[in-house]
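S.K.: just a sequence and a predicted model for now, questions to come.
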Amino acid sequence: MSKGEGKRSTKKCLAYVAAFVVFQTAIILIFALTVMKVRSPKIRFNAIAVESFSSNSSSTSSINMRLLAQVDIKNTNFGHFKYNNSTLTVLYDGVPLGEVVIPRGRAKARKTRRFNVAVDLSSERLSGNGNNLGNDINSGTLRLRSEGRVSGKVHLIKIIKRNKSGVMNCDWSINLRTRQVENLRCN
């Protein structure tokens, strides 16, 4: 073997090692930017139904209602999302009419966790908004809003844990004549 052949095989070997290092770096970078990126879960009302309803539109307007709602917690991460007890609030003109507790749980990786909740709404907390409520009852449409925050940790590869929170803001209206929920929009 001559001196020239040894240098060529060494250069060839170094070129292969460099190509392998570049390839591995690209794989690690792609893995870190896609799989290891932790996103906040999405919390939404999927469907709402009016189970019971009673109203009084005399001098002091009042309303009592029970809603059945399906809540979705969508986890788009490659690890599971473990969340703590949370509260979802239903509001009318910025005033809470009812609350429901979401018990702690877990949403599997890249899955949507669905569960049903029952929310009891009462207008007892309304003080100055009684006139607006009476007008809405007479018009036949009640506009409501729901807000909530679900906080927890995303667990990746049983090593990496990141705190994340999902926020729910939904607007909808209830047709009081048909007792149907209309225009459900969640951000």
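M.R.: Yep, it's here.
S.K.: buried residues, the longest helix anywhere in the chain. List them.
M.R.: In the chain, assigned by DSSP state H, the helix with the most residues is helix 3-34. Within helix 3-34, no residue is scored as buried using 16 or more other Cβ atoms under 10 Å. No exception for glycine: its C-beta is placed from N, CA and C like everyone else's.
S.K.: quick one: end-to-end distance for stretch 50-65.
M.R.: With Cα to Cα, to the nearest Å applied, stretch 50-65 spans 7 Å between its terminal residues.
S.K.: buried stuff in that stretch?
M.R.: In stretch 50-65, counting by 16+ other Cβ under 10 Å, buried: 50, 55, 61, 62, 63, 64, 65.
S.K.: which residue ranges make up each domain of the chain?
M.R.: Domain assignment of the chain by automatic domain parsing yields the ranges 1-34, 42-186.
S.K.: spatially nearest residue to residue 164 (excluding sequence neighbours)?
M.R.: Once flanking residues are discounted, residue 164 sits nearest to residue 40: 4.8 Å by Cβ to Cβ, 6 or more residues apart in numbering.
S.K.: in this structure that neighbour contacts residue 163, no?
M.R.: No - in this structure residue 40 lies outside contact range of residue 163 using Cβ atoms under 8 Å: 10.1 Å.
S.K.: so for these two, which residue has more residues nearby?
M.R.: The neighbour count for residue 40 versus residue 163, taken as other Cβ atoms under 10 Å, is higher for residue 40 (17 against 9).
S.K.: could you give the bridge partners of the most centrally placed residue in the chain?
M.R.: Compute the mean C-alpha point of the chain, and by Cα atoms, centre = their mean the closest residue is residue 43, 1.6 Å away. Counting by DSSP bridges, residue 43 forms beta bridges with residue 73.
S.K.: do the same with the one 4 residues further on
M.R.: Note on residue 47: beta-bridge partners by DSSP bridges are residue 70.
S.K.: that one and residue 181: what is the separation?
M.R.: In this view, residue 47 and residue 181 are 8 Å apart by Cβ to Cβ, to the nearest Å.
S.K.: more crowded one of those two?
M.R.: Set residue 47 next to residue 181 and count neighbours by other Cβ under 10 Å: residue 181 wins out with 18 against 13.
S.K.: I'd like the next helix or strand past the helix or strand bottoming out on mean pLDDT in the chain.
M.R.: Here the helix or strand of the chain ranked lowest by mean pLDDT, DSSP states H and E is helix 130-139, holding a mean of 81. Downstream of helix 130-139, the next assigned helix or strand under DSSP states H and E is strand 141-156.
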